[in-house]
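**Q** Pasting the sequence and the predicted model now:
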Amino acid sequence: MKKTMMMVLLVAMASGAMAARAADKPLTEQQQRMQSCSQQAGAKTLKGDERKSFMSSCLKSPAAAHGKALTPQQVKMKECNGEATKQALKGSPRKAFMSTCLKK
């Protein structure tokens, strides 16, 4: 009986220590984004498929939607990608266009 109690106590202490270490680590950018999207979905009281759809689109949205400005490289990439889409480029021609556009 004492061994069982000791094991339970050790497991509880170990899990508490791991939780404390996890709380000390800052969230990664993806975790912050997930948290932000989840809070937005909660505020809209979305459930089921509506929530899944919202979360999917929210997580794919640009960083600017999450309170962060796009870097100059991201802005350039967005512009070049938009132009390539407008020209209906696909495959190798798109790749060549993007390479040239991003070097400008």
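**A** That came through, no problem.
**Q** pLDDT below threshold where in the protein?
**A** 1-23, 62-68 (pLDDT under 70).
**Q** rerun that using 90 as the cut-off
**A** 1-75, 77-78, 81, 104 (pLDDT under 90).
**Q** which residue is nearest the middle of it?
**A** Compute the mean C-alpha point of the chain, and by CA atoms, centre = their mean the closest residue is Gln30, 3.2 Å away.
**Q** which element is it on?
**A** Using DSSP states H and E, Gln30 sits in helix 29-43.
**Q** who touches Arg94 in this structure?
**A** Ala84 (CB atoms under 8 Å, 6 or more residues apart in numbering). Every C-beta, even on glycine, is put in place using the N, C-alpha and C of the backbone.
**Q** hmm, back to that, run through the neighbouring helices and strands of the helix holding Gln30.
**A** helix 48-60 (3 or more CB pairs under 8 Å, 6 or more residues apart in numbering; DSSP states H and E).
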